[in-house]
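K.L.:
Just to be clear, the model below is a prediction. Sequence and coordinates:
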Amino acid sequence: MEKQALEKQALEEQALEEQAMEERTIDDIINTVGARPNFLMVAISTWAMSLSMVGALCAYMIQFTGFTPWEPVTCLTQNCSDILNETKYLTDISKICKEGLVYGEDYTWRISRTSLALEWNLVCDRDKVSLLESLYFIGGSISLIIGSYIFDKIGRRKACLIGAATALIGTFLGTVCNSYNFLVVIRLLMGFGNFLAYAGGYIWVLEFMPEKFRNYYNSYSMLVWCVGYPTLVGVSYFIYTWQYIHAGSGIVFIFCFLPLTFYPDSPRYLLAIGKEEEAKVVLEKYGRITNVQINLTNTRLIGSALNKETKSVSFKSKMQDYCNHPGMALELVIQGYMWLTCCLLYYGVNYGWSSFGTTPYVSYLFAGLSEAIAYVLLAIFITFFGRKLTLSISLLVTSACFLLSLIPWKWTEVWSLERLLALIIVVWISIAFAQLFLYAGELAPTCLRGYAMSTCSLIARAAAFCGPYLAKSSGTGKLLGTATMAGVGGLLVFLLPETRDMPIPAEAADVSERRQQQNLPVSMSKYRNEKENTDV
């Protein structure tokens, strides 16, 4: 009897303790702790964001390791000399390739740098070089199929570590690469690892950001991406052997991946899988960094202001959530189309930078500058106009520029209206593409964010695979097709909710509630309709 009485007393004390605990949403705590960022917080966040810089460095590496020399050729045969006398540009090898001249036999370049295109006789077989560029995105697609599962299963940080290790192995293998087939494997490994690390890292840092800084985080993250351009240019300019460019890049990667070894996992993720105490420890450490001392010992964390329950869900449960909440499913489909369109146009434009300037070094510095301008504008636009209007305007302007490019106006041998508008397009499509990362992270609930981000990124990687080939195409069909894709995307945006200054949803039901609050179509969930019918 005494034992039962003690047990009863213990249960009553536990119940009283639970009643005495203060309930606070994780949004409220993060907004409080991160309200006044200091230098240490910015430095730590920037180091974590440096994962995005690696993405730019890897994506365009083949432009420097597999370049076709921009210097005039030196003829070795009379036939070559006769052909070159007929063409105006000694750096334009289209005539040489058309006539079937062979590198090393009919012509050569007096350069001190090495190139895989020269070593493997790919000067006139640029499709093989484009394939190497595209294989990077195939590897990324494979990683994101896996990432859609492991981001929510083992956590953001651990998934990033797996990706970083794979990318480092692939990058350093490039130092000893001596065949095309070996480089195919290397590019797949680099794509797999870097996209897994980048996508997981973006979610990871986003989930630490207070609501009022998410706008700036997205733009700042993309500005860090732009640092990859001058970094790649610097590494490639001072290293003359193409294999060693991989080694130099690998050293940069090590620096960028170091935070993964000791930074904590996302408190939102920890709470979503039921590890409330670990989430509290991370939040308290976060507070010490920002000089906001908090004690969460007597605090019960809840997922968001919209929903007080958090839980880990299986893949089957995720699919059931999409079935029960058609509005959330609609948002995922629209996002998929946006990622397909923006990524195809973004890489279709950026892989054409080699045609600008006199060398790829100048061209890609120019590319980095153009994108940096776009990301600064993005922060301004989404602050004043919100996500929906900014994304819609950027896509509609892109569509208009493609249509205007149909006007055949050319005032010099190099410059035309189409080329001038391409400079405008790269700014606006960069604004649209960069915003998708932030928008996708805010639209998806915490329990499905890894899956949603991975699915969208997977679609984007399929589009990116086609980017190098789109860059080499031309004609009316290309311009009409790209204009249509961008225009349709600009209109579909209006079916998505505005997420500016709103809490990040924790559960699928939060998404349906948000759509209902904004009077959007397909807003009610199947579950809530059934519940209302039952109540009646």
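P.N.:
Yep, that arrived.

K.L.:
For the stretch 201-350 of the chain, give me the ranges with low pLDDT.
P.N.:
Scanning the stretch 201-350 of the chain for pLDDT under 70 picks out the ranges 303-315.

K.L.:
where do the strands sit along it?
P.N.:
299-302 (DSSP state E, counting those that start in this stretch).

K.L.:
So residue 35 lies in a strand, does it not?
P.N.:
No: with DSSP: H, G, I helix; E, B strand; the rest coil as the criterion, residue 35 is assigned coil and is not in a strand.

K.L.:
Contacts only, for it.
P.N.:
210, 212, 290, 292 (CB atoms under 8 Å, 6 or more residues apart in numbering). Where C-beta positions appear, they are placed from N, C-alpha and C, glycine not excepted.

K.L.:
And the strands in this structure, which stretches?
P.N.:
Taking DSSP state E as the test, the strands found in the chain are 22-25, 74-75, 107-108, 299-302.

K.L.:
what is the mean pLDDT for the third one?
P.N.:
Averaged over strand 107-108, pLDDT sits at 82.

K.L.:
of the contacts of residue 35, buried ones?
P.N.:
Neighbour counting with 16 or more other CB atoms under 10 Å marks 210, 290, 292 as buried within those.

K.L.:
By residue count, tell me the biggest helix in the protein.
P.N.:
Secondary structure of the chain per DSSP state H: the longest helix is helix 360-404.

K.L.:
What helices and strands are in contact with that helix?
P.N.:
Of the remaining helices and strands, those touching helix 360-404 by 3 or more CB pairs under 8 Å, 6 or more residues apart in numbering; DSSP states H and E are helix 62-65, helix 214-238, helix 326-350, helix 417-443, helix 476-492.

K.L.:
Just want the angle from that helix to helix 417-443.
P.N.:
Put simply, helix 360-404 runs at 90 degrees to helix 417-443, going by axes from the mean of the first three to the mean of the last three CA atoms, to 10 degrees.

K.L.:
Now do helix 360-404: distance to the chain's middle.
P.N.:
Distance of helix 360-404 from its chain centroid, counting by CA atoms, centre = their mean, to the nearest Å, is 15 Å.

K.L.:
and what of stretch 107-124?
P.N.:
Here the centre of mass of C-alpha atoms in stretch 107-124, compared against the chain's by CA atoms, centre = their mean, lies 33 Å away.

K.L.:
For it, list every residue counted as buried.
P.N.:
Judged by neighbour count (16+ other CB under 10 Å), stretch 107-124 contains these buried residues: 107, 109, 113-118, 120, 122-124.

K.L.:
got any ranges where the stretch 1-150 of the chain has weak pLDDT?
P.N.:
Applying pLDDT under 70 to the stretch 1-150 of the chain flags the ranges 1-21, 84, 86-93.

K.L.:
Residue 132 against residue 182, yeah?
P.N.:
No: using CB atoms under 8 Å as the test, residue 132 is too far from residue 182 to be in contact (11.3 Å).

K.L.:
circling back: of all pairs in the contacts of residue 35, which one is the farthest apart?
P.N.:
Spatial extent of the contacts of residue 35 (CB to CB) is set by the pair 212 and 292 at 15.0 Å.

K.L.:
before we move on, the earlier item: out of the strands of the chain, which gets nearest to residue 83?
P.N.:
Among those, the nearest to residue 83 by CB to CB is strand 74-75 (8.4 Å).

K.L.:
which residues sit against that closest one?
P.N.:
If you take CB under 8 Å, 6+ apart as the criterion, strand 74-75 is touched by 81, 84, 106-110.

K.L.:
and it, which strands flank it?
P.N.:
The pairing partners recorded for strand 74-75 under DSSP bridges are strand 107-108 (antiparallel).

K.L.:
can you list the strands of the chain in TSV and add distance to residue 496?
P.N.:
Compiled in TSV, those are given as follows (distance: least, CB to CB, whole Å):
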stretch	distance to residue 496
strand 22-25	24
strand 74-75	57
strand 107-108	54
strand 299-302	26
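
K.L.:
still on that earlier bit, tell me which of residue 132 and residue 182 has more neighbours.
P.N.:
residue 132 (21 against 13; other CB atoms under 10 Å).

K.L.:
give me the number of residues near residue 363?
P.N.:
Residue 363 has 20 neighbouring residues, counting by other CB under 10 Å.

K.L.:
separation between it and residue 232?
P.N.:
Distance of residue 363 to residue 232, computed by CB to CB, to the nearest Å: 12 Å.

K.L.:
Check residue 111 too.
P.N.:
In this view, residue 111 and residue 232 are 19 Å apart by CB to CB.

K.L.:
Repeat that for residue 387.
P.N.:
On the measure of CB to CB, residue 387 and residue 232 end up 30 Å apart.

K.L.:
Those two: which is more packed in?
P.N.:
Legend: neighbour count by other CB under 10 Å for residue 387 and residue 232, higher for residue 232 (28 against 24).

K.L.:
Report the contact partners of the more buried one.
P.N.:
56-57, 60-61, 64, 249, 364.

K.L.:
Report the two of the residues you listed separated the most.
P.N.:
Maximum pairwise distance among the contacts of residue 232 (CB to CB): 14.1 Å, between 249 and 364.

K.L.:
that older thread, between the buried ones among the contacts of residue 35, which sits nearest residue 454?
P.N.:
Closest approach to residue 454 among these (CB to CB): residue 210, at 24.7 Å.

K.L.:
Can you verify my assumption that that closest one contacts residue 28?
P.N.:
No: using CB under 8 Å as the test, residue 210 is too far from residue 28 to be in contact (10.0 Å).

K.L.:
What does residue 263 show for phi and psi?
P.N.:
Dihedral angles phi and psi of residue 263 (degrees, to the nearest 10) take the values phi -70, psi 150.

K.L.:
Residue 475 now?
P.N.:
Here is the backbone geometry of residue 475 (degrees, to the nearest 10): phi 110, psi 170.

K.L.:
ok, back up a step: want to throw the contacts of residue 35 into a markdown table with distance to residue 283?
P.N.:
Shown next, in a markdown table, are those (distance: CB to CB, whole Å):
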| residue | distance to residue 283 |
| --- | --- |
| 210 | 12 |
| 212 | 18 |
| 290 | 11 |
| 292 | 10 |
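
K.L.:
which ones are touching the nearest residue to residue 187 once chain neighbours are set aside?
P.N.:
Nearest residue to residue 187, sequence neighbours excluded (CB to CB, 6 or more residues apart in numbering): residue 135, at 4.2 Å. Counting by CB under 8 Å, 6+ apart, residue 135 touches 184, 187-188, 191.

K.L.:
Surely residue 347 and residue 462 touch.
P.N.:
No: in this structure residue 347 lies outside contact range of residue 462 using CB under 8 Å: 11.3 Å.

K.L.:
Compare those two and say which one has the larger neighbour count.
P.N.:
Between residue 347 and residue 462, counted using other CB under 10 Å, the more crowded position is residue 347 (27 against 18).

K.L.:
what's that one in contact with, if anything?
P.N.:
59, 463-464, 467-468, 470-471.

K.L.:
How about residue 454?
P.N.:
144-145, 147-148, 151, 199.

K.L.:
Please, a ChimeraX command that selects the buried ones among the residues you listed?
P.N.:
Of the contacts of residue 454, the buried ones can be selected in ChimeraX as follows, counting by 16+ other CB under 10 Å:
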select :144,147,148,151,199
